[in-house]
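[1] Please work out how this folds:
(chains A, B, C and D)
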4 protein chains.
Amino acid sequence: MTRKRKTLKSGMGWSTPTSITVRGRDLANELLGKIDLGGMAFLEMTGRLPSAQEAELFNALLVTLVEHGMTPQAITTRLVNLAAPEALQAAVAAGLCGVGSVFTGGSELTAKMLQDALRNKADDANLDAIAAKIVESFVASRRPIPGIGHPVHKPIDPRTPVLFGIAKRIGFRGRYVALLELVAAQAEKCLERELPINATGAIGALLSELKFPWRICRGVAVISRAVGLVGHLAEEMQNPLAREIWERVEEEVFENRS
Amino acid sequence: MTRKRKTLKSGMGWSTPTSITVRGRDLANELLGKIDLGGMAFLEMTGRLPSAQEAELFNALLVTLVEHGMTPQAITTRLVNLAAPEALQAAVAAGLCGVGSVFTGGSELTAKMLQDALRNKADDANLDAIAAKIVESFVASRRPIPGIGHPVHKPIDPRTPVLFGIAKRIGFRGRYVALLELVAAQAEKCLERELPINATGAIGALLSELKFPWRICRGVAVISRAVGLVGHLAEEMQNPLAREIWERVEEEVFENRS
Amino acid sequence: MTRKRKTLKSGMGWSTPTSITVRGRDLANELLGKIDLGGMAFLEMTGRLPSAQEAELFNALLVTLVEHGMTPQAITTRLVNLAAPEALQAAVAAGLCGVGSVFTGGSELTAKMLQDALRNKADDANLDAIAAKIVESFVASRRPIPGIGHPVHKPIDPRTPVLFGIAKRIGFRGRYVALLELVAAQAEKCLERELPINATGAIGALLSELKFPWRICRGVAVISRAVGLVGHLAEEMQNPLAREIWERVEEEVFENRS
Amino acid sequence: MTRKRKTLKSGMGWSTPTSITVRGRDLANELLGKIDLGGMAFLEMTGRLPSAQEAELFNALLVTLVEHGMTPQAITTRLVNLAAPEALQAAVAAGLCGVGSVFTGGSELTAKMLQDALRNKADDANLDAIAAKIVESFVASRRPIPGIGHPVHKPIDPRTPVLFGIAKRIGFRGRYVALLELVAAQAEKCLERELPINATGAIGALLSELKFPWRICRGVAVISRAVGLVGHLAEEMQNPLAREIWERVEEEVFENRS
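    Below you'll find the predicted structure:
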């Protein structure tokens, strides 16, 4: 066997009899009681502790994505819990399998669009021209532009101004946000309909401001949805809905059999 | 069809064109920027906002369980990402499937043991006698007592005193903690070996102090591990280990074929 | 590091440039076109090729569990496909997460009950007495006896006589089946209601006749359900139901908000 | 609420007290003992029973994909079983999450390529010209051509001639296979290296001959892998490898900590 072996190194964490180290920090003495879960997620994903401003913004982004009511993912988690109540983790895992392109891919695609557009661009690059090129390219290939428009929230998505307001207050309303606003404005003009920046778009832009590579952006949604899906299980234990949902479907299919 | 239909009601959340309601709160105006992710998890799981003390303690519990280095779950998430990099959510889901009885069931079992023991017990119940009964019952049936003992962390688990210290400072070191300490002390005497309260035991006791039903306790671990597994993916994108792990296993099995 | 390393050996399979070996057989020349999928599953799970009789019986057991209509698992797979159509495997995985204790645990529990009861018992052991002991033990602890009774199929489960008929014809109707029949008969007398052997019970008994350890019996259900869930996805692509199911739930929760 | 409700209809299956109907067939009387698991998968996925020839070919395709030794998916399933042995279904689900683009996407992509190319083409379409166009398009966009080339199996993939041989014998070696052979031949000339049709390519072509839409082709791999992963669990129960794999990784990371 001539393959060269690669040494396995990782900075995530390890334990000795008297200590636990996480991302280079002593868990018991440097982290517990000193960092909240959102800050911990930042540390895990970037390898460094967030500033107070970064922690505030990142927590706000995470909180935004936790709960969207009775989504397909939430129903999924409840149904799997009905079938396998002894494996709560599998119910959450099943729901998370649905954090895919249709409902939550927006922040990832927005971040990719913005990061691709501004990679290696000078600080004084002409954002108007860049936005025009983006809109042109999506329209030409008949693809929807990520991060703008919403089926329900009109004329604006109420989360967007709040998130941008937090970002502005603490100094993270930078050129990714500016570019996305220009994209939205030009798209509205070009396509002649209301295309407000939606929450996932805002999150994709703000994660870019926080320097998260676009490839990991879906992970932010995954964390938030894990929280939300556990919430649904907590409610399901008090107020079971899954059996009713299942039985109605089964009955209706039975009645309509042919 | 004579089954009585049950109306579907849920307090998790819903949307109108101009607002999003989560657990009875206006997401944009009451939650974003005003609550951290740990507090949001508390709201999701209990239906009410945590006090500042509850939020502090709950965040500490969540942070404790985020990262344990290269666990089977972390390796799993990395391997699935190697095979299906386009479905990041599935890689996290796969790792979460392993949040089961062997590595993370401790807090759930501890909470169950403590909550079962103190259910309907008067405030001045004799904890010593209750602890004795617990130890006797587990020893008699040769089952391990949950929440005590640790294969690595000896003589104490460094996370436990920090968590109990936080709880004491803010007024949440109550009788569930007291009972678990008595269980540990009596078990050490009875079984004649060191059986310190481990981190999952401490968490099970403190979730009981926070009035979380034991059935949802595994959900707390699931949330934390979702954060940790996304962290592993972030590192894997910079420093890929999964291919090396896989190739070594495959090569060794090939070399030892018969 | 003083831990003794264990050599990694596995008989599942490996490849060379010119051949693929699976469970000790040359895949291309000994298996392809010569074994069906059920027989292949037998080879994978036991390490040996089935006889023609074993293959017939095992295929029948597998076929039994493939499709049960609009179960919670089937709805789950359809909902995840709605949310993440690009990751078909995750939709099936999500549905399989629900192959747990409530709907499909029966064959595993039946096999455990029967195998535990007959372990190390002589060939001429008194099955009547063993059955009596089983029924007594379950009734005393108020646990349901696995493998008997069915909420819908009364007075008998139509699958059971067919499966037992196949087994009888090919010589696999042995003492596990006999014991389960005695358990059912005595339970009916003791509990004074109809308790026919249901399909999962029959499968648990017949997997025991095929010498499958009870711990792997759930795996048989998992294989069958994987087939069924892919079937539901195939229908969902032609006849989408998931969006309608989801929207109805969301609408009803919205209408009943408070 | 003005949305028009869609009636839920499905032909997958339903039950009455005395019968179970699957895809329009009486399970107990028309399917059990009369169809093998591969044939059942065909019925589930297409809604009709296969001919003997179709069943033979489809079983061969399914058998091909069952087992590939210690793949990332197999290691995943073993690791999750180590962590959550009580939830066997979750271990298989976790492994299936990895049936993604890298290791098993080939048959889906091949089927898409071939079906897109021959859609609405006359029976006497010039396959040479179509193949040339395919190769040109992939080479121009620097994408790998699906279904050809293999990192290990050289100069040919030993499964391919066996599968094509079965197809030829029973009359299913049609123009999808012919087109893929032309693509491989032209790609070898154009790219000046050996690019034999690999097993997933052959399967993509043969599923097209069987008239499976390309979107469901990954489902065939999912079914096969479910069988293989249950096989790995059966071996893991006799010969546990997961703990050793995990401990080695953890130890090496610990030794290389910095």
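[2] Kindly confirm my reading that residue A:20 forms part of a strand.
    Yes - for residue A:20, which was evaluated using DSSP: H, G, I helix; E, B strand; the rest coil, the result is membership in a strand.
[3] what number of residues lie near the residue nearest to it when sequence neighbours are not counted?
    Spatial nearest neighbour of residue A:20, chain neighbours left out: residue A:27 (4.2 Å); criterion: C-beta to C-beta, 6 or more residues apart in numbering or on different chains. For the C-beta atoms, the positions are set from N, CA and C on the backbone; glycine is no exception. The local packing count at residue A:27 equals 24, with neighbours defined by other C-beta atoms under 10 Å in any protein chain shown.
[4] Hmm, residue B:157 and residue A:27 touching each other?
    No - applying C-beta atoms under 8 Å as the test, residue A:27 and residue B:157 come out as separate, 10.9 Å apart.
[5] mind listing the helices for the stretch 151-258 of chain A?
    A:159-169, A:175-191, A:199-209, A:217-238, A:242-255 (DSSP state H, counting those that start in this stretch).
[6] What number of residues are in the vicinity of residue A:111?
    Per other C-beta under 10 Å, the neighbour tally for residue A:111 reads 30.
[7] For it, grab phi and psi.
    Per-residue torsions, residue A:111: phi -60, psi -40 (degrees, to the nearest 10).
[8] How about the contacts made by it?
    For residue A:111, the residues meeting the contact criterion (C-beta atoms under 8 Å, 6 or more residues apart in numbering or on different chains) are A:204, A:205, A:207, A:208, A:212, A:214, A:217.
[9] For chain C, state which of those residues is nearest.
    residue A:217 (15.6 Å; C-beta to the nearest C-beta).
[10] what sits against that closest one?
    With contacts taken as C-beta under 8 Å, 6+ apart, residue A:217 has the following neighbours: A:107, A:108, A:111, A:203, A:204, A:207.
[11] how about 6 Å then?
    Taking C-beta atoms under 6 Å, 6 or more residues apart in numbering or on different chains as the contact definition, residue A:217 lies against A:107, A:108, A:111, A:207.
[12] mean confidence for the helix or strand hosting the second one?
    Assigned by DSSP states H and E, residue A:108 falls within helix A:106-118. With pLDDT averaged residue by residue, helix A:106-118 scores 96.
[13] Just want the angle from the next helix or strand after it to helix A:106-118.
    As assigned by DSSP H and E, the chain's next helix or strand after helix A:106-118 is helix A:127-140. Between the axes of helix A:127-140 and helix A:106-118, defined by axes from the mean of the first three to the mean of the last three C-alpha atoms, to 10 degrees, the angle is 120 degrees.
[14] how about the helices in the stretch 1-150 of chain A?
    Ranges of helices in the stretch 1-150 of chain A, per DSSP H, counting those that start in this stretch, are A:37-46, A:52-64, A:72-83, A:88-96, A:101-104, A:106-118, A:127-140.
[15] Show me what the last one packs onto, helices and strands only.
    Judged by 3 or more C-beta pairs under 6 Å, 6 or more residues apart in numbering or on different chains; DSSP states H and E, the packing partners of helix A:127-140 are helix A:175-191.
[16] Out of the contacts of residue A:217, which comes closest to chain D?
    Using C-beta to the nearest C-beta, residue A:108 is the member of these that lies nearest chain D, at 16.0 Å.
[17] OK, contacts around the closest one?
    For residue A:108, the contacting residues are A:217, A:218, taking C-beta under 6 Å, 6+ apart as the criterion.
[18] likewise residue A:219?
    With contacts defined as C-beta under 6 Å, 6+ apart, the neighbours of residue A:219 are B:88, B:230, B:233.
[19] What distance do you get for residue A:246 to chain C?
    Relative to chain C, residue A:246 is positioned 5 Å away (C-beta to the nearest C-beta, to the nearest Å).
[20] ok, now how distant is that residue from residue A:51?
    With distances taken as C-beta to C-beta, to the nearest Å, residue A:246 is found 47 Å from residue A:51.
[21] Which residue does the stretch 1-150 of chain A have closest to chain B?
    Nearest residue of the stretch 1-150 of chain A to chain B (C-beta to the nearest C-beta) works out as residue A:44 at 2.9 Å.
[22] That residue - nearest residue in space that isn't next to it in sequence?
    For residue A:44, ignoring the flanking residues on the chain, the nearest one in space by C-beta to C-beta, 6+ apart is residue B:231 at 2.9 Å.
[23] count of residues packed around that neighbour?
    Neighbour count of residue B:231, defined by other C-beta under 10 Å: 29.
[24] that older thread, buried set for the helix holding residue A:108?
    Applying a neighbour-count criterion of 16 or more other C-beta atoms under 10 Å in any protein chain shown, one finds A:106, A:107, A:108, A:109, A:110, A:111, A:112, A:113, A:114, A:115, A:117, A:118 buried in helix A:106-118.
[25] Could you do stretch A:113-133 as well?
    So stretch A:113-133, judged by 16+ other C-beta under 10 Å, has buried residues A:113, A:114, A:115, A:117, A:118, A:127, A:130, A:131.
[26] List the contacts of the third one.
    Going by C-beta under 6 Å, 6+ apart, residue A:115 touches A:208, A:214.
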